[in-house]
Structure formats: structure tokens, C-alpha cells
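> sequence first, then the predicted structure, then my questions.
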Protein chains: 2
Amino acid sequence: MSLTHAPAGAVRQGSLRELNLALVLGRIATADRPPSRADLATATGLTRATVSAVVEDLLAGRLVSESDPAPRSGAGRPARGLVLADQGPAGLGLEVNVDYLAVCVVDLAGQVRHRTVHRADLRPVAPADALARLVEMAGAAREDAARRGLTLVGAALAVPGLVDDAGLVRLAPNLGWRDVPVPALLAEHPPLIEQVPGVPALVVDNEANLAALGELHSQPPGPASFLHISGEVGIGAGIVLDGALFRGVRGWSGEIGHLPVHPEGRPCRCGGQGCLEQYAGQEAIVAAAGLARAELPADTATARLAELAEAGDADALRALHDAGTALGVAVAGVVNLLDLDTVVLGGGYAALSPWLCPPVLAEIGARVLTAAWSPVTVRPSTLGAEAAAVGAAGSVVRRIVGQPAGWLARAG
Amino acid sequence: MSLTHAPAGAVRQGSLRELNLALVLGRIATADRPPSRADLATATGLTRATVSAVVEDLLAGRLVSESDPAPRSGAGRPARGLVLADQGPAGLGLEVNVDYLAVCVVDLAGQVRHRTVHRADLRPVAPADALARLVEMAGAAREDAARRGLTLVGAALAVPGLVDDAGLVRLAPNLGWRDVPVPALLAEHPPLIEQVPGVPALVVDNEANLAALGELHSQPPGPASFLHISGEVGIGAGIVLDGALFRGVRGWSGEIGHLPVHPEGRPCRCGGQGCLEQYAGQEAIVAAAGLARAELPADTATARLAELAEAGDADALRALHDAGTALGVAVAGVVNLLDLDTVVLGGGYAALSPWLCPPVLAEIGARVLTAAWSPVTVRPSTLGAEAAAVGAAGSVVRRIVGQPAGWLARAG
DNA sequence: CTCTATTTGTTCAGCGATTGAATTATTTGC
DNA sequence: GCAAATAATTCAATCGCTGAACAAATAGAG
């Protein structure tokens, strides 16, 4: 049933204002032009009187600011446009990946206001040391943010692996992490975050999930429902349904890399056989293209593949076509199951999408029952390499936009 | 982001009462024992004063009634228990399937209060005639319901095929239906439904979706997230996520029958190759068991298979094992993707589950990365053959429970 | 240049719904 | 029979939305 879900708990007097604060702020956030109070009233169904009162709260809390009057034709008192404040709360995005550390700061409007990437092979580094370096970068990010009038209200860390509810990294195979208690390790450093009710100080999540969120909130915003596939050494997917990330019962959704595409095919390190990862993972493509593993650091493998394909190298083109076909088989299954109309190729796949998209689309066309009535779009990610860090930071500020009352209670 | 979603529109004074009516009624519906007003107050976080006022509205609207005081030990004034009324609004469930028509009436509490099944081969019958028979059965159901004090407030029709938003049956291959405008055909008959704000008079939906909803609201209620697989001639799945049916972008989710399990295997009538349906569909199992298609009407095929397997017939056991393995490959993919912890085998699979579950579980164990940490349950459906009709009727009354204000506005 | 139409935004009395404390109701146990 | 305990109701106070009137600011007509 797709009913409008009622809030879980009791609805009291104050909830009313909380909900309308979120409603109006959300409208301001998603509008394509700075809306006036009158625009907001007609868009939300509230009276202008209520919108004025709500906006007054938002202005007082410095979540929105008035912009120059938008040029408008016709008579009447000119409107004052409302935009998300470029100062105030901001989100801290952190990412630990196989070959880099990334930190970024995203403001309310979703703009990336700070970004640092530190390239290094993290596999030989102990988790505590990797996190210590990240905290150092985050400290510098916080100072830079403060100079811009931004306050960090929460952090999200992207990790290429399975994370449980408590933030414990159960397994990050390509990083060599196992049962790493990230929150406990980070708690040993001085806090960088100003706590706000309703915003967790630290969220640890799968890199593919956060990259999908980044895509959802990118400019222009992605569709409400799509599948975002991060093709790295492993293959992870973030599933966005109706504008929300679907995490699964335990938060371990999106393991598309282990969808069986050749059930009696190559054995996989997961214990299964014929998993997608064995046919469309980075190592599989590199091997199929005839490139020796040794001469290629992980972070240049896709770039080298793209170069070769661009130059018309037959082995590389065949390898990419085969990988795209395997990917297409898996994607066709997902589309049949979930009836999605958009598939985004991210991570290492983004740069390879000119060669991957055609075979993926071919498999979808052949295997998806409903493709005849409704076309499926397959496109590369709009965000760059550190999409997960941006998505992580964005997920923090989205909480403020979704529940502004917490911030307002703090800021008075 | 798993935020509590705010209602889409403006939140006004009246919404407050609407939301709390739904909150309290929902609590009454899901409680295992009739709760008192005081119980509801502590459970919801509302004050007893508010709960009393809300309950008064619900009693006046005959959505709940007071039950005998629940036996309780200790001092104090005895509580008056509150239960969903066994009179008042009810849902009409309709089902057109290959070999039967079914009609049922479900009351607020989810009890099936009326049920009629008419067995017949519907394939040679024109859609309009099939629907006319169904309407005749529904008329009798309404009279029976009225005698029990029940008012039909909405109907849902289950069809084994693809249905679009407007209720047009795009394609029901096993029934031979194509582009059947069900709402228009039903509009030619006198209405059976008393319109209530917020409850659509007629919803047409896929049989697998509605069967999954039936399982969700069965006694005892199913888990909040699970996959329900209806194994008939085709194989459809209903995906329940966080207590809500996931329908996909266009309402065509759950086409699990066309998940590729042997990408270069048998051609499928969908145009793809190696679809699950070719290995675990009813016809495939029957053929693999060496049973001639002609001697078996569709509705007895699974019964006959179960008989043979029970008797130890080697061909039947092998056919079921192979089908279960194919099903397990597909299910393992779904579990990897969505991280579900429960899979329900319904429809024709329910009776065959003693032989299907073991190979399905084996494939899950071998292929699901996270199975080691979190076991996946595979079990047969608790509802019987006409699960879709019950789920359809249940989906109607769930709307009343979710939005009682509409009914109360009507009933004064 | 002035007047009118038009649109924006604010002010304020009224009202519905929740709250919290006090009150009433009803039973158990001493 | 009385005190303790639990259930449910009553009522003034309060919070936040509404609707209408009003003030502000501009374009266009004459």
C-alpha cells in the first residue's frame, strides 16, 4: 500500500510546526527558482499567514536567507525570494577506499564547499592508522568550513564493505578490514561535530549506498527510483526507491556483485559460482583484456582500459563487451524484479560507460518483459570519483532539511 | 535515508486528529490483546485525555467496540478492552485466475467473513463474461455481508498479469487477456461499493502482489520485509519492504519468473533466454517429472506432483530438486540484492515446499555472502489457495485502518 | 504624474486539538 | 470498611493554523 505514511509516534501540537517547517524547507530546497512566501503557500496548501510564520522561524535559525527579488513581469509588490542559507549547518563526508582517502564538506544547498583527497594504497595500513589520517584531514576541513561560516553537524563515512547498524565494519575484503569498530576508533579523537538533535554524529555505511545517495541529490537531482552500480574491484549497488535509499533488513542490500550470471561458471571467493563479479569486476575485465595485473595499480586500471578501448584495441573492446553483457544479464534481472526505469553506472564503470552501456541495454531489451512499453535508461554517474564522500556529506545535510526542528531547537 | 516521512501536503489542525486517529486505531489493530485506553496512551505517547477523545470518535464511528474487561491481577479499576468492530466497513476481494473465480469479504480485523470460489477454466471465456460472473458472485457476497452488518467500502481485483495504474490489464498471458479495460467493464454493472473518501472503489492489481499483501496481514502477521513467490504457470513475486508492498516505478515489479538463471539456456516466450520460468514454472516441472501435459488439468498438476513426490517417485523428486535449485539461484540473487531474511513460497509452490525448500536453502547458503551472519528463512505461505483474493480484500480494509478519518467523515 | 489594479506579505481574532492537573469511577487487599 | 491503586473523564491553558482585513510596493493606464 502506498499510503502517505503517518509519523511513527504521537502527533502533538509541536509536531505540527515541525512537520510544516520540514515541508516548507523541503519546498525551498527542491524549487528550481527561489520561491516567494506566496509561491510556497500555493505549493504547500498552507495559508500565507502560516508560511510567513514558518519562514520567520527558518530565517531566525539561519537555515534560509532572502535573495534579491526575482525578476517578474506584471504588476504587484515584488516578491522576496527564499534560498537555502550558504552558512549554517553542513555535513562532513568521509571515505576510506582501497587507494585513497577523501573528505568533503557539503552545505545545505548540496554544494561541495570543501574537498580533500589523499591518494595512497590503504591496504597495508592498519584501520586505526587510516582513520587517524582521515581525522587529520577532517580537522583541516572543519577549520576551512568554519571560516566560511559552516558548522559541521554530522559525519558519514563511506567504506567499501559490509557495515552493521552499530557502525561495525564486518568485512571490507578489498581493503582487508574485518570486524573494525569504526565508531570506537573515531571516538578516541577529539570530536569535530556539533551535536544536533535528530542528526547522528557519525554514520558508517557502504560506499555504494552513499554514492547512490550522492547521485540522488546531485544537480540536477536524479530520479526518485534508480539503481546505482559502483564497479570497482567488487561490484556494489545502491538501490534508491521513491527517493529513499533501501538498505534491506540488516543494511546489507545491494550485493549485486554476487548475483549469479553463470550458475555453473567460475567459482567466486564468496563461495558461490558464476557471480557477476567474476565476469564484470575490475580484475576480470583487466584479465580478459590481456593486461597483466602486476603492471597496473588498482587506481589506473580503468583509465588504462578506457585508453585502449578509445584506441580501438580489440582485446579491450571484447573484454568490455563481455563484461557489459554479464552486467546486462544481472541488471535485466534487477529491472524485472524491481521495475526500475533508470540504471546509473558509477565508480569505475562511469569512465567505461561508452562501451558498457550498449551491451547492457541489449540484454535489457532482450530479457525485460516490460521494456517494450517503458524504456530503461542506462547512463553514467554525474558525480566524479569521490561520489561516495559527497553522498555521505549530503546525507547529513538532508537530515537537517528533513528535520529542521532539531537544528532550530539548538540555535534558538 | 530512513527518516520518518512527513505527509506529502500541508499539515493543518485537522490533520493532527486524523493522524492520531490512525495511530490509535493502528495500535488497536496490531495489539495482541485488546488494549485499554491507558495502554494506548503509554504505547503511543499521547495523554490519556487525548486517547479518550480519539477513542470516543472511533467508537462513535463504529470502527472499534469495547470488549469484556480483560482479566488482570492487582488492584485498581478494571480496564475496558478495545477491539476492532466486527461490523462496519469491510473489503471486497476479487480474483480471476486461470482455473477459478474467487470472491471474499474481509472485515476490519482481517477476518474472512465470506468466501466463494467458482472453479472453471477461464481461458476460453471472454473477459467481459468472466467479470460478469464475478460481479454476480460479488452481489451475493454483498448481501451476505450486509446481513452480518458489514458495508463494502472498496474492492480489489487480483489478476495474473501486468496491470497499469488505470487498472488496464496490459497482458495476462496464461489467461489470454490483452489490454482489457477492467474498470470500464465493471462500471457497466450496478455498483456494489459504498464510496468512502480515501478508499478507491476499485483497484486492479497483480495476483502476486496481492497474495504478498495477504501474507503480510495474515494471522500471525508476516515480517515487515519479505519476498512472496507465487509459483503457478508463470512465476510472480510480491516484494514487501518495511511493511509496504513495493510496486516499482510503473507497478510492474516482481517479475521474478524472468530472472535469468541460465543466460544461454532455454529460450523463453518473453524473448530472453534461460529465464527461471523455464526451469521452475509449473509446466517445466511437470515436463521434467515425465507427466504428459494433456492428462493433467492445470489445477491438479501440483497436487499430482505432491502425490508422486510423497510416494517417492524418482522422476518427480528429481524434477522438484532441479526446480528448487533453479529457484534457489534466483532467490539467492534477490537476497543478495535486497538483503531480505524471509522468503515465502506461495501459490502452487506452497504444497510443494517440502521438496523445494531444501535446494532453495542450499543455493542461498552457497551464494549469499551474508548468509553466514544472518540466516534466511524459507517457508510455505500460511494462506491457502485463494491468498490473492484475501489479500485484495485485506488491502481495502487496511486503507480504512490507515486513514480512518475518511470513514468517520462519512458515517458522521 | 496620479490613480487604479495587482500581488506580496503581515496582523489579529477565532478556533480546533493536545496537554496536564484535578476529579471521578471502580476494584483489590488489608 | 478503608486505603491504595488503576482507569477514565473533565476543564482551563496553550499552541499553531485559518481567514479576513490591512499595509506595502510595483506596473500600467490615462
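Noted; the coordinates are in hand.
> three-state assignment of residue A:145?
Put simply, residue A:145 is helix when judged by DSSP: H, G, I helix; E, B strand; the rest coil.
> hmm, I typed the wrong one, I wanted residue A:166.
State at residue A:166, reduced to three classes by three-state DSSP: coil.
> list the residues that contact it.
residue A:183 (Cβ atoms under 8 Å, 6 or more residues apart in numbering or on different chains). Just so you know, the C-beta spots here come from the backbone N, C-alpha and C atoms, and that holds for glycine as well.
> mind checking how far it is from residue A:158?
17 Å (Cβ to Cβ, to the nearest Å).
> pull the number of nearby residues for residue A:227.
25 (other Cβ atoms under 10 Å in any protein chain shown).
> tell me how far it lies from residue A:327.
For residue A:227, the distance to residue A:327 - Cβ to Cβ - is 11 Å.
> please apply the same query to residue A:192.
On the measure of Cβ to Cβ, residue A:192 and residue A:327 end up 39 Å apart.
> neighbour-wise, which of these two wins?
Comparing residue A:192 with residue A:327 by neighbour count (other Cβ under 10 Å), the higher total belongs to residue A:327, at 28 against 18.
> and the helix or strand hosting that one, what's buried?
Element membership for residue A:327 (DSSP states H and E) is helix A:314-338. Residues of helix A:314-338 classed as buried: A:316-317, A:319-338 (neighbour count, 16 or more other Cβ atoms under 10 Å in any protein chain shown).
> state the mean pLDDT of that helix.
The pLDDT scores in helix A:314-338 average 95.
> which residues touch the residue of chain A found nearest DNA strand C?
DNA strand C sits closest to residue A:76 of chain A, with a gap of 2.4 Å, by Cβ to the nearest atom of the strand. Shown here is residue A:76, which makes no contacts under the criterion Cβ under 8 Å, 6+ apart.
> list phi and psi for it.
In terms of degrees, to the nearest 10, the main-chain angles of residue A:76 are phi 110, psi 160.
> quick one: contacts for residue A:313?
Going by Cβ under 8 Å, 6+ apart, residue A:313 touches residue A:289.
> relative to chain B, how far out is the residue of chain A closest to DNA strand C?
In this view, residue A:76 and chain B are 24 Å apart by Cβ to the nearest Cβ, to the nearest Å.
> let me know the pLDDT of that residue.
At residue A:76 the predicted local distance difference test score is 81.
> what's the closest non-adjacent residue to the residue of the stretch 151-300 of chain A found nearest DNA strand D?
Closest to DNA strand D within the stretch 151-300 of chain A is residue A:197: 15.3 Å, counting by Cβ to the nearest atom of the strand. Closest residue in space to residue A:197, ignoring its immediate chain neighbours: residue A:406 at 3.8 Å, by Cβ to Cβ, 6 or more residues apart in numbering or on different chains.
> same thing with residue A:80?
residue A:66 (4.9 Å).
> quick one: strands adjacent to whichever strand or helix holds that neighbour?
Per DSSP H and E, residue A:66 falls inside strand A:64-67. Under the criterion DSSP bridges, strand A:64-67 sits next to strand A:81-84 (antiparallel) in its sheet.
> what is the subsequent helix or strand relative to the strand it pairs with?
Sequence order places strand A:88-96 as the next helix or strand after strand A:81-84, per DSSP H and E.
> done for today, thanks.
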